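> Have a look at this fold, sequence not included:
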């Protein structure tokens, strides 16, 4: 596990965070002894989509086939 001194962590914190991969840890030391751990959050896993989960979220006010005339040549 990589480590840095507390002084180095204070001076380069944004860079240290930017270079950590999700779930990776970095040990921060003082007088060669571990005092803290810096770790990034793991990327949350996306739940699988569920059929019908958006039901009722869209309301069609009026049937409108008029706009489809512009796309007739593409729909053949």
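Thanks, I have the structure now. Keep in mind that this is a model prediction, so the values were computed, not measured.

> center of this structure, which residue is that?
In the chain, the residue lying closest to the centroid (Cα atoms, centre = their mean) is residue 43, at 5.6 Å.

> the helices in the protein, which residues?
Using DSSP state H, the helices assigned to the chain run over residues 6-19.

> which residues of it fall in strands?
Assigned strands in the chain, in chain order: 3-5, 25-30, 33-39 (criterion: DSSP state E).

> Give the full set of residues in contact with residue 4.
Listed by Cβ atoms under 8 Å, 6 or more residues apart in numbering, the contact set of residue 4 reads 12, 16, 26-29. For every residue, glycine as well, the C-beta is placed using N, CA and C.

> Just the pLDDT for it.
pLDDT recorded at residue 4 is 93.

> related to what we said a few turns ago, please identify which of the contacts of residue 4 is nearest to residue 36.
Of all the contacts of residue 4, the one with the least separation from residue 36 (Cβ to Cβ) is residue 28, at 4.3 Å.

> And for the closest one, the neighbour number?
Residue 28 is surrounded by 19 other residues when neighbours are defined as other Cβ atoms under 10 Å.

> what does the one 4 residues further on give?
Other residues within reach of residue 32 by the criterion other Cβ under 10 Å amount to 7.
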